[in-house]
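> fold the following and give me the result.
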Amino acid sequence: MAVDWTNYSSWDLVLPPNRPGEALLREIRIALSIKGDLREVCILGSTPEYRRICKDLCIPNVVIIDKFPEFSDMCDRLTPHNPRESKIIQDWVTALPRFCGKFDVVLSHLTHGNVPFHARRELFGLIRNCLVPGGLLIDFVFQPPPPGNSPETIMRHFRGRPPNLRTCNDFNSIALFQSAMIGSLGCVDTSAIYGMLDASIDDETSIIVKATKKITPPGHTWYYAFDKPPPCYGYFEGYEVVSELPEPQHSPFCNAATLYFLRKSAERR
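Now for the predicted structure:
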């Protein structure tokens, strides 16, 4: 099954890069401050950190679009109240068409994996269409690099590391979302990957795997594949790349994720 965010009752256990980190947020805050005169901003999902920036900058209208009310309500508890927010509980492909040419900025953090590959081109077009000419898409994008990590590589990397929250988040990013099994599965299937890991681990690393299942449970699918990067679905069409910020060397998503600042071309709707 695809990821069902109603199961995520412990989002406070999730650390960067699966949530926006300080360096990334600093760059976004600077970009929004420089752009100035922002009236309408859309956040794809309920990302608390993005909502905090919008509140701090006193953006008049912030539209949150999230398919899962339970997950969005949980994020509300991690977010200072902002009377300028409005929320739409609906999937993005259904909700975005009503906002044609509406938003100055769209903020997105790791959203692509929630959308099946067959719907990617439509989603990317809808995001572009909902921006005003010259509007910004600020998007943290993950794309697993082949060939991925084998069980042996994963165990060597994590053996001896303390079973704390940082280690488990790193394990989540490296062992699940950059598994070599993505090549044969064609996606991030957490049940299949955990099954492979459970058959390969020793007593020491089994503690880390067990704890990681609280962060990313079995039974879900994220739509990431080695051979299906965003450009295959027209991701950059109709934009100028203003800047891009690759993940740093210390990040478990190093060489696998980039923060893009894309400006919609003036002549494109």
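> quick check: the gap between residue 44 and residue 265.
Going from residue 44 to residue 265 by Cβ to Cβ, to the nearest Å gives 21 Å. Backbone N, C-alpha and C define where each C-beta goes, glycine included.
> more neighbours, these two?
Higher neighbour count among residue 44 and residue 265: residue 44, with 26 against 15, using other Cβ atoms under 10 Å.
> tell me, how many residues neighbour residue 203?
6.
> any idea how far it lies from residue 250?
28 Å.
> can you pull the contacts of residue 50?
20, 28, 43, 107, 109 (Cβ atoms under 8 Å, 6 or more residues apart in numbering).
> export the residues you listed to JSON lines and tack on pLDDT and neighbour count?
Output for the contacts of residue 50, formatted as JSON lines (pLDDT from 0 to 100; neighbours: other Cβ atoms under 10 Å):
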{"residue": "20", "pLDDT": "97", "neighbour count": "23"}
{"residue": "28", "pLDDT": "98", "neighbour count": "23"}
{"residue": "43", "pLDDT": "98", "neighbour count": "26"}
{"residue": "107", "pLDDT": "98", "neighbour count": "27"}
{"residue": "109", "pLDDT": "98", "neighbour count": "22"}
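> of these, which belong to strands?
Using DSSP state E, the subset of the contacts of residue 50 located in strands is 43, 107, 109.
> beta partners of the last one?
For residue 109, the beta-bridge partners are residue 140 (DSSP bridges).
> what about residue 86, how many residues nearby?
A count of nearby residues for residue 86, using other Cβ under 10 Å, gives 11.
> so what pairs up with it in the strands?
As for beta bridges, residue 86 partners with residue 63 under DSSP bridges.
> how close does it sit to residue 95?
Going from residue 86 to residue 95 by Cβ to Cβ gives 12 Å.
> same thing with residue 171?
34 Å.
> then residue 22?
Separation of residue 22 from residue 95 (Cβ to Cβ): 30 Å.
> between these two, which one's more packed in?
Each of residue 22 and residue 95 has its neighbours counted (other Cβ under 10 Å); residue 95 has more, 19 against 9.
> ok, and what's touching whatever helix or strand residue 23 lives in?
Taking DSSP states H and E as the criterion, residue 23 maps to helix 22-35. Applying Cβ under 8 Å, 6+ apart, the contact partners of helix 22-35 are 16-17, 20, 38, 49-50, 53, 56-57, 59, 104-105, 107, 136, 138, 140, 245, 248, 259, 261.
> the residues you listed in helices, which ones?
Among those, the ones falling in helices (DSSP state H) are 49, 50, 53, 56.
> redo those residues as CSV? Include pLDDT and distance to residue 178.
Below are the ones in helices among the contacts of helix 22-35 laid out as CSV (pLDDT from 0 to 100; distance: Cβ to Cβ, whole Å):
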residue, pLDDT, distance to residue 178
49, 97, 23
50, 98, 25
53, 97, 28
56, 96, 33
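> just the buried ones from those, in PyMOL syntax?
Listed next is the PyMOL selection for buried residues among the ones in helices among the contacts of helix 22-35, using 16 or more other Cβ atoms under 10 Å:
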select buried, resi 49+50+53
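> the strands in the stretch 51-200 of the chain, which residues?
Applying DSSP state E, counting those that start in this stretch to the stretch 51-200 of the chain gives strands spanning 61-66, 85-89, 103-109, 131-142, 188-189.
> any weak-confidence spans in this protein?
Across the chain, the ranges flagged by pLDDT under 70 are 1-9, 267-269.
> domain ranges for it?
Domain assignment of the chain by automatic domain parsing yields the ranges 14-143+229-264, 151-222.
> contacting residues for residue 186?
Contact analysis of residue 186 by Cβ under 8 Å, 6+ apart lists residue 225.
> what about the nearest residue to residue 211 once chain neighbours are set aside, neighbour count?
Nearest in space to residue 211, with sequence neighbours left out and distances taken as Cβ to Cβ, 6 or more residues apart in numbering, is residue 168 at 4.7 Å. Per other Cβ under 10 Å, the neighbour tally for residue 168 reads 26.
> how about residue 46, what does it touch?
By Cβ under 8 Å, 6+ apart, the contact set of residue 46 is 64, 66, 71, 72, 75, 76, 79, 87.
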